[in-house]
Structures are given as structure tokens and as C-alpha cells.
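S.K.: coordinates only, no sequence provided:
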């Protein structure tokens, strides 16, 4: 059984990593461990648990800036921001119920995976809101990038590069992120009964309009009931957020845009529940299938849905650009079909989020990167973690 290291300061992290480098003993890096099951188990003698390296270091609501440590629970962040009428704009998903792994989701996990929710479509991903960080490389060296003000862009690209690296390049010990005001209200305009191709076309029209849609998703008939209680036909849903009069005016604009189409209005609280269900992939919680997270061009979402193996279900987010697929947990769980469809769609990523151990043994979690992306990744690894000390095997190093 792995020994667990529990640093309580950045200095502790430096000491632990330096020792690991000296003894050539790799480390598995975790925060709350809630996404640990996504990738294959790492072969390390030690686990560095960052849950004690936690807490909000500084919060300046008037400047829209939050500085915190990686082990800070997402629930604590949400409560703090809500009290000031603010939020993390990238709408980080809570995948604890989907994965059934337990634990407490932390900001370090959001930073490490770069996973974002429905607002990713308009607000960007986690990396787009990072202002700066302090970190420790796989060499055991402490460094910092960026700053604590929005206008300070020194080292900004480096902070972005580390975001989404799954802890394979460096260990962030303190991060500064931009936050945004929370919308006063929201409503969802739902279009029932559309097939997936028509749904993607409708979402594209809405996104190209002046309605300022902040979320666009399509729920097929076999998943919609988990997000809209009582619904039994497909629903294409468009979220509007902001001040009440503005939301009402934009909802009316969408009604005119889709004149002749049946429209259902989902008001504030049911709308919030609907988008939480989409964000957290609730339709696939508690089921037995394998779950894929597939990112392609929005117009290619229907292609992915058409390529699913028999017995599969799908939910489209990001106007069709993010496809959540549940496949039967047999064989390769549809990996060959889905990844071939991604290639035919012009490229993208198909990540195996949930699957039994026997499927993970023969199926890679992450999609092969394009040659240029792979070359850049290798250069970053050579610079930050040349000895493969941090999370070896979590991402392919071939």
C-alpha cells in the first residue's frame, strides 16, 4: 500500500518532490481524489495528498480576484463567492456522483483537469480565467507565473499551459483566478421534439443571434427525464442569464426566432436545476454503462451520436461540441467506433470518464494527441518533469 504524504505548505511540497527526485521514486498527486478513477492507477510508492494545503488566501470582490490553495473544497469556494454575489464563470462540474468515488472536490482538481460546464461555450474553460500561480516542478524547484491582477499578463501562458495537465508537469501550491458577478436571474427556453440534427441547427441559430445564450444543450428522449422531471420527448434547451428585463426581452427574441416551433419556458429555480443536471451529467449517475466525454466541432455532434454502439445514450452540451455518451460496459465500450467518428469529424478528443477496471485495462483513457500537440507536450514535460516524477502514466508519455 502506498505511503501518503500530506504537505501543509509549499515548502513541504518542495521537500517531498526533491526527495522523490533524489531517490527516483515517483509520486501520485491528488487533491480530493474525486477524479482519480478516471485514469488508470499510477505505479508509485508514494501518494502526495494536497487536501491539507487548503484555504482561501485572499479574496477581493471589488477586483474580481480570488487567490487560494489547491486543496480548497469547491463547496467552500462556492459559498464564499455566493455571499458576494459572484461565481466561477467556467461552471466547474461536480463529477463525484457520476464516478461514485466519494471524496471532496477541490479547486486543484478543477485546475488539473480543466473541466468546465455548460458556460464553457461563452465564458471559456478554467485556463481562460487563471491569472497566476505558485508551483513546484518535477525537478523540485519552486516557481511562479502571472500575477494577482487582471492586467498583469507576465507568465500568463505558463499558467494556462499547466492547467489541464493532470498534475504531470508541476504541483500548484497557490492559484489566482478571475471571478465574475453572478447573474441576477435566469430562464431556459426549451424546444421539445427536435431530432439531434435539427437540435444542433437550432442551437447554432440561437448562438448566432443577439439573444446572448449562455448555455445550449440537447437532451434525447432517453435522458431528458433526469434533467426535466416528467419530460418524455427530446428537449433542446437554451439558457439566458442576466437582469430580469434583459432576460425577458431576450427570451421573447428567441420566441420570434423560432416562430412556429413549440416552446416551453423553464423559469429560474427549475432552470438552475436543469443546468446543474447537465453540468454534472446526472442522466448517467447510478447507471452501469461506461461514460465518454467527447469534444468535437459543434456541427459534428450528430456524427458522434450516430456512431454510438447499440444500447448507448447521449447528451449534447456546448451547442453540440461536447457529447456525453453512455455505452454498454462490454468489449472496448465503443472506443473504436467513437474515436473513429471523432477522426472523421475532423479531430477532437474522446476521454473515457467511467468504466469497469477490465475495460480500462485494454482501453486508453485519453485520446492520442495530434503530432504537433504531442511534440509540444513532450517539450513541456522535458522542461518541467524530465524524470517522470509526477503522476507517471496518468497521461501517455509515449
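M.R.: Sure, I can see it. Note that the structure is predicted; figures quoted are calculated from it, not measured. Numbering: from 1, shown residues only.
S.K.: and the helix or strand where residue 77 lies, how far from the chain's centre?
M.R.: With elements taken from DSSP states H and E, the one containing residue 77 is helix 74-83. Taking CA atoms, centre = their mean, to the nearest Å, one finds helix 74-83 lying 18 Å from the centre of the chain it belongs to.
S.K.: can you check stretch 43-57 too?
M.R.: For stretch 43-57, the distance to the chain centre is 20 Å (CA atoms, centre = their mean).
S.K.: now that stretch: buried residues?
M.R.: Within stretch 43-57, the residues scored as buried using 16 or more other CB atoms under 10 Å are 44, 46-51, 53-54. Bear in mind the C-beta positions are built from the backbone N, C-alpha and C, glycine included.
S.K.: could you identify the helix or strand that succeeds the helix holding residue 77?
M.R.: Counting by DSSP H and E, the next helix or strand C-terminal to helix 74-83 is strand 86-87.
S.K.: who touches the next helix or strand along the chain from that next one?
M.R.: Scanning forward in sequence from strand 86-87 by DSSP H and E, the next helix or strand is helix 96-99. Judged by CB atoms under 8 Å, 6 or more residues apart in numbering, the contacts made with helix 96-99 from elsewhere in the structure are 34-35, 37-38, 102-103, 105, 280-282, 284-286, 291, 353-354.
S.K.: the stretch 251-398 of the chain: strands as residue ranges?
M.R.: For the stretch 251-398 of the chain, the strands identified by DSSP state E, counting those that start in this stretch occupy 264-266, 290-295, 313-317, 322-327, 349-354, in order along the chain.
S.K.: got those strands as CSV, with distance to residue 4, mean pLDDT and mean neighbour count columns?
M.R.: Compiled in CSV, those are given as follows (distance: least, CB to CB, whole Å; pLDDT from 0 to 100; neighbours: other CB atoms under 10 Å):
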stretch, distance to residue 4, mean pLDDT, mean neighbour count
strand 264-266, 45, 96, 16
strand 290-295, 28, 98, 24
strand 313-317, 36, 98, 25
strand 322-327, 33, 98, 26
strand 349-354, 25, 95, 22
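S.K.: for the ones you listed, give me JSON lines that also has distance to residue 113.
M.R.: Compiled in JSON lines, these are given as follows (distance: least, CB to CB, whole Å):
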{"stretch": "strand 264-266", "distance to residue 113": "29"}
{"stretch": "strand 290-295", "distance to residue 113": "10"}
{"stretch": "strand 313-317", "distance to residue 113": "16"}
{"stretch": "strand 322-327", "distance to residue 113": "14"}
{"stretch": "strand 349-354", "distance to residue 113": "10"}
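S.K.: looking at the contacts of helix 96-99, which one is closest to residue 189?
M.R.: Distance to residue 189 across the contacts of helix 96-99 (CB to CB) is lowest for residue 282, with 20.5 Å.
S.K.: out of the strands of the stretch 251-398 of the chain, which gets nearest to residue 202?
M.R.: With CB to CB as the criterion, residue 202 lies closest to strand 313-317 of the strands of the stretch 251-398 of the chain, at 11.5 Å.
S.K.: can you name every helix or strand that that closest one contacts?
M.R.: Applying 3 or more CB pairs under 8 Å, 6 or more residues apart in numbering; DSSP states H and E, we find strand 313-317 packed against helix 196-207, strand 215-219, helix 301-307, strand 322-327.
S.K.: and the residue nearest to residue 352 when sequence neighbours are not counted, how many neighbours does it have?
M.R.: If you skip the residues right next to it in sequence, residue 352 has residue 365 as its closest partner in space, 4.9 Å away by CB to CB, 6 or more residues apart in numbering. Residues near residue 365, counting by other CB atoms under 10 Å, number 18.
S.K.: relative to residue 292, how far out is residue 204?
M.R.: Spatial separation of residue 204 from residue 292 under the definition CB to CB, to the nearest Å is 23 Å.
S.K.: an error on my part: the question was meant for residue 188.
M.R.: With the distance defined as CB to CB, residue 188 ends up 25 Å from residue 292.
S.K.: where's the dip in pLDDT among the contacts of helix 96-99?
M.R.: Across the set of the contacts of helix 96-99, residue 102 stands lowest in pLDDT, at 81.
S.K.: skipping its backbone neighbours, what lies nearest that residue in space?
M.R.: Leaving aside its sequence neighbours, residue 102 sits nearest to residue 96 (CB to CB, 6+ apart; 6.9 Å).
S.K.: try residue 202
M.R.: Taking CB to CB, 6+ apart as the measure, residue 202 lies nearest to residue 236, with 5.5 Å between them; neighbours along the chain are not counted.
S.K.: contacts only, for residue 280.
M.R.: By CB under 8 Å, 6+ apart, the contact set of residue 280 is 93-95, 97-98.
S.K.: ok so, going back, so which of the strands of the stretch 251-398 of the chain gets nearest residue 182?
M.R.: Checking those against residue 182 by CB to CB gives strand 264-266 as the closest, at 18.6 Å.
S.K.: sheet partners, orientation included, of that closest one?
M.R.: According to DSSP bridges, strand 264-266 has the following sheet partners: strand 185-192 (antiparallel).
S.K.: do you know how far residue 49 is from residue 3?
M.R.: Between residue 49 and residue 3 the distance, using CB to CB, works out to 11 Å.
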